[in-house]
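generate coordinates for the sequence data below:
(4 chains)
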There are 4 protein chains.
Amino acid sequence: MTLHRLEHVVSFGDCDPAGIVFYPNYYAWMDATFHGYLRTSGPGHAALCRDLGARGVGLMETGMRYRAPASDGDRIEITLDAIDWAEKSLRASFTARVGARLIFEGFETRGLFVADAEGRLRAAPVAALRALLG
Amino acid sequence: MTLHRLEHVVSFGDCDPAGIVFYPNYYAWMDATFHGYLRTSGPGHAALCRDLGARGVGLMETGMRYRAPASDGDRIEITLDAIDWAEKSLRASFTARVGARLIFEGFETRGLFVADAEGRLRAAPVAALRALLG
Amino acid sequence: MTLHRLEHVVSFGDCDPAGIVFYPNYYAWMDATFHGYLRTSGPGHAALCRDLGARGVGLMETGMRYRAPASDGDRIEITLDAIDWAEKSLRASFTARVGARLIFEGFETRGLFVADAEGRLRAAPVAALRALLG
Amino acid sequence: MTLHRLEHVVSFGDCDPAGIVFYPNYYAWMDATFHGYLRTSGPGHAALCRDLGARGVGLMETGMRYRAPASDGDRIEITLDAIDWAEKSLRASFTARVGARLIFEGFETRGLFVADAEGRLRAAPVAALRALLG
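This is a model prediction of the structure:
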């Protein structure tokens, strides 16, 4: 079940001297897919943080496997396929394709970061975040 | 007359600590609009270079005026409004809007760069490029 | 007289399929040079905004002329050469070189943006900003 | 044993609306650290590809754990700590710190991609690459 879908037409400037997408751009588009989900299934990142008294739905870990390259003109579709909820983190899973061709599989583990009394960021329980999403 | 149109939904990661788009991203999207034009009105940058024996349709000068900020969730539309052709350069003019709100006006002056006998890049006449577009 | 200097070793991923720096990266490095200046000649952007009740020292206009390409491994040096102060804006001028080779000349016109009663950003006089720098 | 070290002063534009580094930038700097290694312990990516008849020392998998945030003005140091060589891949391990503060731990699994008779990229044995490094 797809939770969110983002389309991007790969451009010349997204690519490196080998002519294929420079991989940190894939992470930027994966992140944009997650933020698109926050905007369509919830009120968006800024409003969520305001409602929950949080600094951000920030990153704990990310990773990605590359299956095939993409290049200038390819219409890439990134889907947020699932979110697994733990007590103080969530793990979002993504897939990217150009047509039927699998480009990458990736994940983001995120926490709900709240400043403690000393101003240090701590991961808070994510149940309140989950309740605000869809 | 719009020569090409690119849409992009601004994401959290496109924005800076002031919460608005970090301006070099506007240039990346403006560049993507030009490359989209090369792909829809011509065969795309790679094929154009092959056909013309060129290294690239590269930049001589760029500039941009910022009219209003854009932020997370804004659907920005960038249009390539006109191309003015000179002998060894072209000047492409762009406008970006979120709905009716003007975000920026920008331009790119580009040349057709060809390697000379010593391997140095030189601006060649752009007439052959123009003939392959549209 | 150089107001600030930033060095960056160009990497593979900064470059496009033509093997040369993708130009929006030049703007990102030019912007970083200005922010470095705010940090070394003043207290940095965040503290300046706090002190001045501003949202940002934001952009009104930018532009750049490209003189020679740079590629993977080139050590590029960007200098902030001058700031011209007007009443509600400043114009910062930059030059970038790899060794003796001129890469680009660029500028940023910036204002001190303050939210008005309706929350809209307005350009305020920059004299207070100037007083905090250097 | 550190194989390569890259320093970067985090700038305003590297950061997101939460005021901390937007994580895809960490990947870009990790990638730049690897390419710096190819340039200092070998002849650099372009020459390696030429010598080995390869299209690129490209990515199979990447990942990163975030330990503490970094923001505008932080001097981040990224080290390539180790390379583990397999038959058709290598795994490079990285650590990033601001002073004594651990920012992230990351890895890149890379292959030596060579075009086969049909032009499709295949991972070739990496022994020849290893022989050219160090």
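
contacts, neighbours, all on C-alpha from now
OK.

excluding its backbone neighbours, what's nearest residue A:33?
Distances taken as C-alpha to C-alpha, 6 or more residues apart in numbering or on different chains place residue A:6 nearest to residue A:33, at 5.6 Å, with adjacent residues excluded.

next, the contact list for that neighbour, please.
A:29, A:32-33, A:36, A:77-79 (C-alpha atoms under 8 Å, 6 or more residues apart in numbering or on different chains).

and it, which helix or strand is it part of?
For residue A:6, the element it lies in under DSSP states H and E is strand A:4-9.

can you check residue A:38 too?
Here residue A:38 is assigned to helix A:24-40, by DSSP H and E.

what angle separates that helix from helix D:23-40?
180 degrees (axes from the mean of the first three to the mean of the last three C-alpha atoms, to 10 degrees).

quick one: buried residues of whichever helix or strand comes after helix A:24-40?
Sequence order places helix A:45-52 as the next helix or strand after helix A:24-40, per DSSP H and E. For helix A:45-52, burial by neighbour count (16 or more other C-alpha atoms under 10 Å in any protein chain shown) applies to A:45-46, A:48-49, A:52.

for helix A:45-52, packing partners?
Packing partners of helix A:45-52 (3 or more C-alpha pairs under 8 Å, 6 or more residues apart in numbering or on different chains; DSSP states H and E): helix A:24-40, strand A:56-66, helix A:127-132.

neighbouring strands - and their directions - for the second one?
Based on DSSP bridges, the strands next to strand A:56-66 in the sheet, each with its direction, are strand A:101-115 (antiparallel), strand D:56-66 (antiparallel).

and the ones you listed as JSON lines, adding mean pLDDT, distance to residue B:66 and mean neighbour count?
Listed next are the strands paired with strand A:56-66 as JSON lines, based on pLDDT from 0 to 100; distance: least, C-alpha to C-alpha, whole Å; neighbours: other C-alpha atoms under 10 Å in any protein chain shown:
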{"stretch": "strand A:101-115", "mean pLDDT": "97", "distance to residue B:66": "33", "mean neighbour count": "21"}
{"stretch": "strand D:56-66", "mean pLDDT": "97", "distance to residue B:66": "35", "mean neighbour count": "21"}
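
which stretch among the ones you listed comes nearest residue D:113?
strand D:56-66 (5.4 Å; C-alpha to C-alpha).

residue A:82 contacts residue A:34, doesn't it?
No - using C-alpha atoms under 8 Å, residue A:82 makes no contact with residue A:34, being 10.8 Å away.

more crowded one of these two?
More neighbours surround residue A:34 than the other of residue A:82 and residue A:34, with 24 against 15 (other C-alpha atoms under 10 Å in any protein chain shown).

tally of neighbours for residue A:41?
14.

residue contacts, it?
A:133-134.

what residues of stretch A:27-40 count as buried?
Those would be A:27-39, for stretch A:27-40 by 16+ other C-alpha under 10 Å.

what's the mean pLDDT across that stretch?
Averaged across stretch A:27-40, pLDDT comes to 98.

chain center to it, what's the gap?
5 Å (C-alpha atoms, centre = their mean, to the nearest Å).

related to what we said a few turns ago, let me know the closest of the buried residues of helix A:45-52 to residue C:129.
When the buried residues of helix A:45-52 are ranked by distance to residue C:129 (C-alpha to C-alpha), residue A:46 comes first, at 28.8 Å.

number of nearby residues for the residue of chain A found nearest chain C?
Closest residue of chain A to chain C, C-alpha to the nearest C-alpha: residue A:17 (4.1 Å). Residue A:17 has 23 neighbouring residues, counting by other C-alpha under 10 Å.

what residues does chain A put near chain B?
Residues of chain A lying close to chain B (C-alpha under 8 Å from any C-alpha of the partner chain) are A:11-13, A:28, A:31-32, A:35-36, A:39, A:44-45, A:73.

mind putting the residues you listed into TSV with distance to residue B:132?
Listed next are the residues of chain A next to chain B as TSV, based on distance: C-alpha to C-alpha, whole Å:
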residue	distance to residue B:132
A:11	20
A:12	19
A:13	21
A:28	34
A:31	37
A:32	35
A:35	40
A:36	38
A:39	42
A:44	44
A:45	45
A:73	18
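
for the record, mean pLDDT for the strand holding residue A:6?
Here the average pLDDT along strand A:4-9 is 98.

relative orientation of it and helix A:24-40 in degrees?
In terms of direction (the same axes, to 10 degrees), strand A:4-9 departs from helix A:24-40 by 140 degrees.

quick one: strands adjacent to strand A:4-9?
In the sheet, strand A:4-9 lines up against strand A:75-85 (antiparallel) (DSSP bridges).

so for the strand it pairs with, mean pLDDT?
The pLDDT scores in strand A:75-85 average 98.

okay, the helix or strand that it is followed by in CSV with CA atoms only?
Per DSSP H and E, the first helix or strand lying C-terminal to strand A:75-85 is strand A:90-98. Coordinates of each C-alpha in strand A:90-98 appear next as CSV, following Å, rounded to 0.1, in the frame of the first residue of the first chain:
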residue,chain,number,x,y,z
LEU,A,90,9.5,5.1,13.0
ARG,A,91,11.0,3.4,10.0
ALA,A,92,9.8,4.5,6.6
SER,A,93,10.5,2.3,3.6
PHE,A,94,10.8,3.6,0.0
THR,A,95,11.1,2.3,-3.5
ALA,A,96,12.0,4.2,-6.6
ARG,A,97,11.3,3.2,-10.2
VAL,A,98,11.7,4.6,-13.7
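
packing partners for strand A:90-98?
Checked by 3+ C-alpha pairs under 8 Å, 6+ apart, strand A:90-98 has strand A:75-85, strand A:101-115 packed alongside it.

now with 10 Å?
strand A:4-9, helix A:24-40, strand A:56-66, strand A:75-85, strand A:101-115, helix A:127-132 (3 or more C-alpha pairs under 10 Å, 6 or more residues apart in numbering or on different chains; DSSP states H and E).

TSV for those, including distance to residue B:91?
TSV is the format used below for the helices and strands packed on strand A:90-98 (distance: least, C-alpha to C-alpha, whole Å):
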stretch	distance to residue B:91
strand A:4-9	24
helix A:24-40	28
strand A:56-66	38
strand A:75-85	27
strand A:101-115	35
helix A:127-132	48
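
among these, which comes closest to residue D:100?
Between residue D:100 and the helices and strands packed on strand A:90-98, the shortest gap by C-alpha to C-alpha is with strand A:56-66, which sits at 19.4 Å.

leaving out chain neighbours, which residue sits closest to residue A:113?
residue A:123 (4.7 Å).

the one you found against residue A:109, yeah?
No - under the criterion of C-alpha atoms under 10 Å, residue A:123 is not in contact with residue A:109, lying 11.8 Å apart.

identify the contacts common to the two.
Common contact partners of residue A:123 and residue A:109 (C-alpha atoms under 10 Å, 6 or more residues apart in numbering or on different chains): A:57-58, A:60, A:89.

list just the nearest of the buried residues of helix A:45-52 to residue A:22.
When the buried residues of helix A:45-52 are ranked by distance to residue A:22 (C-alpha to C-alpha), residue A:45 comes first, at 26.3 Å.

which pLDDT value goes with the closest one?
Model confidence at residue A:45 (pLDDT) stands at 97.

so who does it touch?
With C-alpha under 10 Å, 6+ apart, residue A:45 has these contacts: A:34-39, A:51, A:54-57, B:11-12, B:72-73, D:17.

so what's residue A:108 up against?
By C-alpha under 10 Å, 6+ apart, residue A:108 lies in contact with A:27, A:30-31, A:34, A:58-64, A:83, A:90-94, D:63-64.

need the contact list for residue A:79.
Per C-alpha under 10 Å, 6+ apart, neighbours of residue A:79: A:1-7, A:30, A:33-34, A:37, A:93-97, A:105.

hmm, 6 Å instead?
A:4-5, A:94-95 (C-alpha atoms under 6 Å, 6 or more residues apart in numbering or on different chains).

what does residue A:66 give?
Neighbouring residues of residue A:66 by C-alpha under 6 Å, 6+ apart: A:104, D:60-61.
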